Structures are given as C-alpha cells and as structure tokens.
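Undergrad: Need coordinates for the following:
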Amino acid sequence: MMSINIVIAGPRGKMGSEAVQMVSRNKTFELAACIDRKNNGQTLNDLDGAPDLDVPIFDDPEQCFQKVDADVLIDLTVPGTGFEHTKAALLQGIRPVVGTSGFTNDQITELENLAAQNNIGCIIAPNFAVGAVLMMQFAKTAAKYLPDVEIIEKHHDQKLDAPSGTAVKTAQMMQETRESKQQGHPDEKEVMDGARGAETDGVHIHSVRLPGLMAHQEVDFGGPGQTLTIKHDSYNRASFMEGVKLSVNTVMSLNGLVYGLENILE
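TA: Numbers count the residues shown, from 1 in each chain. Below is the predicted model of the structure:
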C-alpha cells in the first residue's frame with residue numbers, strides 16, 4: 001500500500017501536536033513537512049517537546065507545497081489561517097483535511113468552488129470525534145418529533161469562536177427535519193442581554209467557556225411531559241484522531257468538498 005504524504009499545519013498547537021503523534025504512529029502515513037508561523041527553516045526535532053523527527057518546517061504554506069511532495073494537508077489551526085492554508089493547498093493540488101471551526105458560509109462556498117474547479121477532495125469537519133458526529137445525527141432525527149430544542153456547548157477557555165462549529169452544524173442539521181418555530185413565551189424579555197444565548201431559526205445556543213473543560217455538547221429537547229437529552233463529551237484530544245485518520249484515507253478518493261464527518265461515515 002502506497003503511503004500518504006502529509007503536511008501538518010500548527011504542529012505546536014494542542015490538536016496539531018496530537019496529529020503529529022497520530023501520523024508518526026501510522027504505518028501508511030508519512031509526515032512530509034509542517035507549517036508553523038515560527039521556526040521557519042528548522043526541523044521538528046529542533047522544537048522542545050516535539051517528536052524526534054527530521055521533518056522540515058515552513059512558515060509560508062505556498063513555499064511548503066511547492067518544495068515538498070505532499071498528498072494531504074491536515075490543518076487544525078484557527079479560522080483565518082486555516083482558510084488561507086486550505087485555499088493554497090487546493091490551488092497546489094493537495095487535499096485538505098480541516099478541523100478548524102468558524103469558517104463562514106461564504107468561505108466554505110469559495111473552497112467548495114475551488115475544490116470542484118481542481119477536481120480534488122477536501123474535508124472540513126467542525127468536529128472529528130465520531131461520537132460527536134453521531135450526537136448530531138441523533139439530534140437531527142429527534143428534531144423532527146420534538147421541535148422545541150436548545151443547544152448547550154461547553155469548551156475550554158482558550159477557544160476563540162462562540163458558538164462552536166459543532167453547535168452551528170447541529171442547528172443546521174436540525175433545520176433539515178425540524179418544523180421552524182420560535183420557542184419560549186411570546187412576551188419573553190431578556191433582563192440581561194444574552195441571557196437566552198444566540199438564536200437561529202428559533203433554536204437557542206448557549207456557549208460555556210471554562211478551564212478544565214475540553215469539548216462537550218448537549219442537545220436538550222422538550223415536549224409535553226417529557227424531555228430528551230443527547231450528550232457527547234470529549235475528555236482529551238485523542239478523541240478526535242480517529243476521525244482525522246478516517247478523513248485522510250477518505251479524502252484521497254474524493255473529487256469535491258465534503259463538509260461534516262457524518263457525510264463520510266458509512
């Protein structure tokens with residue numbers, strides 16, 4: 001079996017460093033290079049705490065993609081950087097696997113068009129945890145029967161975007177099955193701004209940011225005399241790596257953009 005040559009963006013980040021470990025342990029993956037805004041010209045084994053791998057580091061993604069023989073980019077950075085990296089990869093014929101949440105609809109459309117024009121695979125997943133994807137799918141099913149629903153998502157206090165990409169994606173998926181309606185009392189009034197959270201299509205989304213948390217979401221449904229809670233917890237970043245690995249293998253046979261891990265699960 002041919003090995004898949006991989007570039008990882010953000011190798012010093014918590015998710016990026018987990019991806020470096022995952023790739024280095026996988027016999028069918030080869031870590032070809034890393035993209036990092038610091039440490040240009042160094043190798044991975046020059047960095048404190050990094051694996052002892054003689055892998056070049058670039059600060060310029062275009063230069064990286066031109067100099068290195070790569071099949072796939074794994075990007076687990078932040079929305080602005082991740083968007084530029086993904087665009088550059090698609091233009092160079094490299095298949096992106098992107099776990100950065102917070103892309104706008106316009107950005108996703110632009111990347112979708114680029115992938116189609118270049119006839120190349122791209123996977124963008126707000127959440128790579130398989131359990132989280134199942135939680136979203138179950139919520140989509142439940143919303144057809146219990147349209148009164150709120151989302152509470154909880155993350156560590158270093159997360160930049162709120163609500164999370166997973167919460168936004170969950171609300172979008174529920175819109176496909178849920179009867180559109182406003183919830184709560186028609187004369188409800190927020191005594192403090194934001195008390196009811198964000199709102200999309202009548203669904204309220206609440207974001208919690210605290211140290212000690214990783215990535216957690218519950219979808220609460222209510223009906224006459226009953227409630228249903230669908231809940232998922234990621235306790236460490238290893239929970240995301242099975243989804244990343246699946247995406248790397250799958251993106252090699254795609255010829256367009258797929259948004260959401262649920263679309264590649266059998």
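Undergrad: Against residue 102, how distant is residue 72?
TA: Distance of residue 72 to residue 102, computed by Cβ to Cβ, to the nearest Å: 21 Å. Yep, even glycine has a C-beta here, placed from its N, CA and C like the rest.
Undergrad: Those two - which one has more neighbours?
TA: When neighbours are counted by other Cβ atoms under 10 Å, residue 72 and residue 102 differ, and residue 72 comes out ahead with 24 against 19.
Undergrad: partner residues bridging that one?
TA: residue 6, residue 95 (DSSP bridges).
Undergrad: Residues in contact with stretch 65-79: which ones?
TA: Here stretch 65-79 makes contact (Cβ atoms under 8 Å, 6 or more residues apart in numbering) with 4-10, 13, 15-16, 19, 23, 32-33, 56, 58, 64, 81-82, 85-86, 88-89, 92, 94-103, 160-161, 244, 248, 251-252.
Undergrad: What is the neighbour count of the closest residue to residue 210 other than its chain neighbours?
TA: Nearest residue to residue 210 in three dimensions, chain neighbours excluded: residue 157, at 5.8 Å (Cβ to Cβ, 6 or more residues apart in numbering). Using other Cβ under 10 Å, residue 157 has 10 neighbouring residues.
Undergrad: Verify the stated contact: residue 157 with residue 208.
TA: No. Here residue 157 does not reach residue 208: they are 9.4 Å apart, not a contact under Cβ atoms under 8 Å.
Undergrad: tell me, how many neighbours does the residue lying closest to residue 60 once chain neighbours are set aside end up with?
TA: Among residues not flanking residue 60 along the chain, residue 40 sits closest, at 7.4 Å (Cβ to Cβ, 6+ apart). For residue 40, the tally of surrounding residues (other Cβ under 10 Å) stands at 14.
Undergrad: quick one, strands of the stretch 151-266 of the chain?
TA: For the stretch 151-266 of the chain, applying DSSP state E, counting those that start in this stretch gives strands covering 198-200, 203-209, 215-223, 226-234, 257-259.
Undergrad: again but with the stretch 1-150 of the chain, I slipped
TA: Under the criterion DSSP E, counting those that start in this stretch, the stretch 1-150 of the chain contains strands at 4-9, 29-35, 57-58, 72-75, 95-98, 122-124, 148-155.
Undergrad: Turn those into TSV, including distance to residue 141 and mean pLDDT.
TA: Below are the strands of the stretch 1-150 of the chain laid out as TSV (distance: least, Cβ to Cβ, whole Å; pLDDT from 0 to 100):
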stretch	distance to residue 141	mean pLDDT
strand 4-9	34	98
strand 29-35	34	97
strand 57-58	44	96
strand 72-75	31	98
strand 95-98	27	98
strand 122-124	23	97
strand 148-155	12	98
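Undergrad: Go ahead and build a PyMOL selection from the buried members of the contacts of stretch 65-79.
TA: Buried members of the contacts of stretch 65-79, defined by 16 or more other Cβ atoms under 10 Å, are picked up in PyMOL with:
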select buried, resi 4+5+6+7+8+9+10+13+15+16+19+23+32+33+56+58+64+81+82+85+86+88+89+92+94+95+96+97+98+99+100+101+102+103+161+244+248+251
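Undergrad: so what's residue 57 up against?
TA: By Cβ under 8 Å, 6+ apart, the contact set of residue 57 is 11, 33-36, 39-44, 46-47.
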